[in-house]
Every structure is written in C-alpha cells, then in structure tokens.
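Participant: fold the stuff below for me.
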Amino acid sequence: MKKRYEDIIKELTDRELLFHLYLTQALILAITFILSIILFNSFKEFQALFVLNDWNILVIGAAAGLAVVLIDMILMKVLPDELYDDGGLNKKIFQNRHYLHIAFIAAVVAISEELLFRGVIQTHFGLAVSSLIFALVHYRYFFSWFLFVNIITLSFLIGYIYHITNNLLVTIVMHFLIDFLLGILIRKQYLKKSREDMS
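Facilitator: Here you go, the predicted structure:
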C-alpha cells in the first residue's frame, strides 16, 4: 500500500499537487463553515475563539512551534532517514517552492486545519476526539510507526495548548511555524543536494 501511495505522489505533476493541496484545504474550510453554523449559537461565540491582545500567541504559540521544529531537527540528525519517509509528499510540496510560497502554504494549512480541529471539533467534542481526527486526516504518516507516534503526539500537544490558552491564534501561529520552518528546511536540503550533484 505504501508503494502504491509513493507511486501516486511521483505521478502527480506540480500543478496537480497544488490543486489537490488547495482543494483539500478548501474542503476543510467548507466543513468548518457548515459545522460552525450548526454548532455555534452565534458568530460572536465563534469570534470569541480568537484573542488578538494575548501574549500567549508569542510566548506559547511561537515558542512551542520553534521547540517542536528544534526537536524534529535534532531527531532528523540522529535517526535513520527512513523513519521520516512520508512517501515523498512533503518533499514534493516544498522542495521547489519559493520561500513566500512556502509561507503561503503553511498559513493556509495552519488556518484551515486549526479552525476545524481545534476551533470547531475540540471546542465541541473535546481534546481526544479532535486530536485523533487530526491524526487520521494525516493518514500518510500511518506508513511509518515513528511518524504515526509523531503526529499523534503533536496533535495532542497542539490540542493541549489550545485547551490551556483558549485562543485559536496561539495554535495557528504554532502550526504555521512548524509547517513553514520544516518547509524551508526541506527546500534548503534540496538546494544543497542539487549543488552537490552539479559539482
């Protein structure tokens, strides 16, 4: 099954990959919109999920995002490469992107996923349900026990941070930084390998 998944990723053109990426995020936003209408009593109740004047956005959100990336970078240095093999999707998404495009992708994913998983699902069904659904949506990580443990742990961590801060902007910033910095790391590794191959 993993081989089939890897073949599908390899066959996708860059245009198709981006189309599927943005389509997935649009579907997540549509589901968020529908569930918000059903589950929230008013727009004001939904709006209360966002607290702009909150130092936790930087103190907890940014710090936790940076800590996750730092831990990941250390583990990437000491663990075998195959443990981080997600079938090639992350590499294909980020390796040929300009840094601004990486930032845009990270922002779209962070906003749409946090709105649904923490803002709607966790707010109404709890931390465990939202974290498990978040992990299930990232099914490509099921091919590696390490990535599966990684995504479950990360999911519960982000959910817990939302639980203690009650501010969706904290987890959006955290999620954005993780995706953005790891995207940049993938891009830099690709450029370095390209230069080595040329010399």
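Participant: from now on I want contacts and neighbour counts done on CA atoms only, so please keep to that.
Facilitator: Fine.
Participant: buried sites along the helix or strand hosting residue 170?
Facilitator: Taking DSSP states H and E as the definition, residue 170 sits inside helix 168-198. For helix 168-198, a neighbour-count test (16 or more other Cα atoms under 10 Å) marks 168-187, 190 as buried.
Participant: swap in stretch 116-133?
Facilitator: By neighbour count with 16+ other Cα under 10 Å, stretch 116-133 contains the buried residues 116-123, 127, 129-131.
Participant: do the same with stretch 103-116
Facilitator: Going by neighbour count (16+ other Cα under 10 Å), the buried part of stretch 103-116 is 103, 105-116.
Participant: so where's this protein shaky on pLDDT?
Facilitator: Applying pLDDT under 70 to the chain picks out residues 1-3, 5-7, 199.
Participant: for residue 41, give me phi and psi.
Facilitator: phi -70, psi -30 (degrees, to the nearest 10).
Participant: start at 55, not 1
Facilitator: Will do, 55 is the new start, and the previous item becomes residue 95.
Participant: number of nearby residues for it?
Facilitator: Counted with other Cα atoms under 10 Å, the neighbours of residue 95 add up to 10.
Participant: quick one on the thing from earlier: from the buried residues of stretch 157-170, which land in strands?
Facilitator: Nothing among the buried residues of stretch 157-170 maps onto strands, per DSSP state E.
Participant: let's have these in TSV, adding distance to residue 145.
Facilitator: Output for the buried residues of stretch 157-170, formatted as TSV (distance: Cα to Cα, whole Å):
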residue	distance to residue 145
157	15
159	13
160	14
161	18
162	18
163	16
164	18
165	21
166	21
167	20
168	23
169	25
170	25
